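build me a structure from this.
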Amino acid sequence: MQKWLFRSLLQLILCHNFCFAADESALQIPDEIKKQVPKEHQARAFLSAILNLIRSAYVQEISDEKLVEITLNNLLPALDPHSSYLPPKAFKALFEHMSGEFGGLGIEITIDGGFVRIIAPIDDTPAHRVGLKAGDLITHIDGEFVQSMSADDAVRRMRGKPGTSVKLKIKRVNKDLFEVSIKRDLIKVKSVKYEILNGIAYVRISVFDQNVGTGLRKAMKEINEKLGKNLIGVVLDLRNNPGGALDQAIAAAETFLPKDKIIVSIKARNDRDQQEFKSSHKDELQGKPLVILVNSATASAPEIVAGALQDHKRALIVGMRSFGKGSVQRVIPISKESGVKLTMARYFTPSGRSIQAKGITPDIEVDMAKIKPFKDIVFVREEDLYNALYKDEKPKGQKNLSEEDLDKELKKIEQHDRLALDKIKGKKPDKHDKTDKQKADEDLESDLYKMSLKERLSKDIQLMQAFGLVKAWKSIRSVCLGKDE
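Residues are numbered from 1 along each chain as shown. Below you'll find the model as predicted:
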């Protein structure tokens, strides 16, 4: 049958003798296949015929293995931005990343309009130290144009032996295209850190690797031992946290919840894949004030934490609406060394809210844009990504961009990013020309987490607000959380 399909399809293509469906968005299966193949098998027969055509008639010989690899690399990302084929190097890198120790730059990325978009740099990594920001677009990796690269392919190219360097070309809103050289390092992420100031504990979770649950419980134990009854409350900073493991998000949420409270539910197409997760530990903070900081680069796992604690009225959420990655990916091994990462379900908060393309809306919204160092961050969320699941607007077709058209395309993207900034600021964008002082101010952002907590409080308006809310907890709790003390 396959030989007949190939001959028939080739004849149809050469004669332009297709019968197109009335709906242009539907698959256009030729009449000859419709006549000869049962309806339930027609689409697969059409795909098989196309593959046979490429194998036999393409301008140069192409192996079956290469043809299948090309198909997988393009098929899975076309479903949504987070599904992908994982060849051996990417498969290994994924598990290295989740272990909390790996070689590379320290950024979480996604594909957006054919470019590599930075969701967030991870604290204390090479990318963070050179000043890469959430929202930056990577256009070239070691001189190679990124158009049509998958996210996993881009990650593989940026990772390498510690001590070696990689050159990235970066497009940032209100800035010309610029190049940075970053020395790769063995990324040892200390995912949980804490500091104490004036009876308030500041806890920072930078990424949800496999160490978060134990690290957070250890931090809370030490905080309670140091302060005891003098502990006023906790500020939990989940800003610029690109996500990670579901089980660690559950472990983080239940650190601050009583036993048997719903944390998150997973809803999938098949009933057997529906799941609900509840807390199994006590509240380590014993009901004391908890304020959580989020922003547009707070994605996936930290959104689960923020959503659960918000729904149970256990915490005040402060900052900006989060990224909105509420889809569940599972890694399915297809051999010993490769696999498929496939979107299979969605996350819902305890009250039934979907996180996907919506994110977590803070109880109290506080911009970063009022402070000069943050003015060129682009607030990109899941809903803005090409082909995102369940976003309101129909995804636009992705263009095959030549390098010569790069400048024109980047100007379009920059205009979109500027509009996003204008919306948040409520004013016109700043002039492009910057003084040396303004440039120095912008560099401050990458240094914030290196400062002492006391110094950071004077420069970080969101953090300042969070500390104020912890102190004013008794007076604002009934108003903001609907609970009496």
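
so what touches the helix or strand containing residue 267?
Using DSSP states H and E, residue 267 sits within strand 262-268. Contact with strand 262-268 is made by 246, 249-250, 253-254, 257, 273-279, 304, 307-308, 328, 344-350, 352, as judged by C-beta atoms under 8 Å, 6 or more residues apart in numbering. C-betas here are computed from N, CA, C, even on glycine.

which residues touch residue 256?
Applying C-beta under 8 Å, 6+ apart, we find residue 256 in contact with 283, 284, 285, 290, 309, 314, 315.

so the second one: helix, strand or coil?
So the one you mean is residue 284. The local conformation at residue 284, judged by DSSP: H, G, I helix; E, B strand; the rest coil, is coil.

I'd like to know how far the residue nearest to it when sequence neighbours are not counted sits from residue 124.
In space, and not counting its chain neighbours, residue 284 is closest to residue 220: 4.1 Å by C-beta to C-beta, 6 or more residues apart in numbering. Plainly put, residue 220 is 22 Å away from residue 124 if you go by C-beta to C-beta, to the nearest Å.

same thing with residue 32?
Distance from residue 32 to residue 124, by C-beta to C-beta: 61 Å.

if we can go back for a sec, just curious, which of the contacts of residue 256 is nearest to residue 224?
Closest to residue 224 out of the contacts of residue 256 is residue 284 (7.2 Å), distances taken as C-beta to C-beta.

ok, the closest one to residue 191 distance?
As judged by C-beta to C-beta, residue 284 and residue 191 stand 17 Å apart.

tell me which element residue 93 falls in.
If you go by DSSP H and E, residue 93 is part of helix 88-99.

following the chain onward from that helix, which element is next?
Helices and strands here follow DSSP H and E; after helix 88-99, the next one along the chain is strand 101-104.

count the neighbours of residue 130 for me.
Neighbour count for residue 130, taken as other C-beta atoms under 10 Å: 16.

mind checking pLDDT for it?
We have a pLDDT of 94 for residue 130.

so it sits right up against residue 182, yeah?
Yes: taking contacts as C-beta atoms under 8 Å, residue 130 lies within contact range of residue 182: 5.5 Å.

report the contact partners of the residue nearest to residue 284.
Counting by C-beta under 8 Å, 6+ apart, residue 220 makes contact with 203, 255, 284, 285.

repeat that for residue 348.
By C-beta under 8 Å, 6+ apart, the contact set of residue 348 is 264, 265, 266, 267, 326, 354, 355.

give me the beta-bridge partners of it?
Assessed by DSSP bridges, residue 348 has beta-bridge partners residue 265, residue 354.

that one and residue 367, how far apart?
Distance, residue 348 to residue 367, using C-beta to C-beta: 28 Å.

next: residue 451.
Per C-beta to C-beta, residue 451 is found 20 Å from residue 367.

same question, residue 208
Distance of residue 208 to residue 367, given as C-beta to C-beta: 25 Å.

name the residues of stretch 50-68 that are buried.
Of all the residues in stretch 50-68, those buried under the rule 16 or more other C-beta atoms under 10 Å are 51, 52, 53.

ok, so of those, who is nearest residue 236?
Using C-beta to C-beta, the buried residues of stretch 50-68 come closest to residue 236 at residue 51, 50.8 Å.

residues contacting the closest one?
Counting by C-beta under 8 Å, 6+ apart, residue 51 touches 67, 71.

ok, now with 7 Å
Contacts for residue 51 (C-beta atoms under 7 Å, 6 or more residues apart in numbering) come out as residue 67.

so it sits in a helix?
Yes: assigned with three-state DSSP, residue 51 falls within a helix.

point out where the stretch 251-400 of the chain drops to low pLDDT.
Per-residue confidence for the stretch 251-400 of the chain (pLDDT under 70) gives these ranges: 368-379, 386, 391-400.

count of neighbours near the residue nearest to residue 300 when sequence neighbours are not counted?
Spatial nearest neighbour of residue 300, excluding adjacent residues (C-beta to C-beta, 6+ apart): residue 243 at 3.1 Å. For residue 243, the count of nearby residues is 21 (other C-beta under 10 Å).

can you confirm residue 194 is in a helix?
No: under three-state DSSP, residue 194 sits outside any helix and is assigned strand.

list the contacts for residue 82?
Neighbouring residues of residue 82 by C-beta under 7 Å, 6+ apart: 327, 329, 343.

ok, now residue 218?
Residue 218 neighbours (C-beta under 7 Å, 6+ apart): none.

how near is it to residue 255?
The spacing between residue 218 and residue 255, counted by C-beta to C-beta, is 11 Å.

and what of residue 36?
Distance of residue 36 to residue 255, given as C-beta to C-beta: 61 Å.

which of the two has more neighbours?
Neighbour count, other C-beta under 10 Å: between residue 36 and residue 255, residue 255 has more, with 25 against 13.

I'd assumed residue 217 was in contact with that one.
Yes: with contact defined as C-beta atoms under 7 Å, residue 255 counts as touching residue 217 (6.1 Å).

now the common contact residues for the two.
residue 284.

domains in this protein, by residue range?
Here the domain parsing of the chain from automatic domain parsing is 2-62, 192-381+441-480.

pLDDT of the first one, averaged?
Domain 2-62 comes out with an average pLDDT of 73.

likewise for stretch 80-94?
Taken as a whole, stretch 80-94 carries a mean pLDDT of 87.

buried residues in it?
Quick answer for stretch 80-94 (16+ other C-beta under 10 Å): 80, 81, 82, 83, 84, 85, 86, 87, 90, 91, 93, 94.

need the residues you listed in CSV with distance to residue 71, can you?
Putting the buried residues of stretch 80-94 into CSV (distance: C-beta to C-beta, whole Å) gives the following:
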residue, distance to residue 71
80, 17
81, 18
82, 19
83, 14
84, 13
85, 9
86, 15
87, 13
90, 16
91, 18
93, 22
94, 21
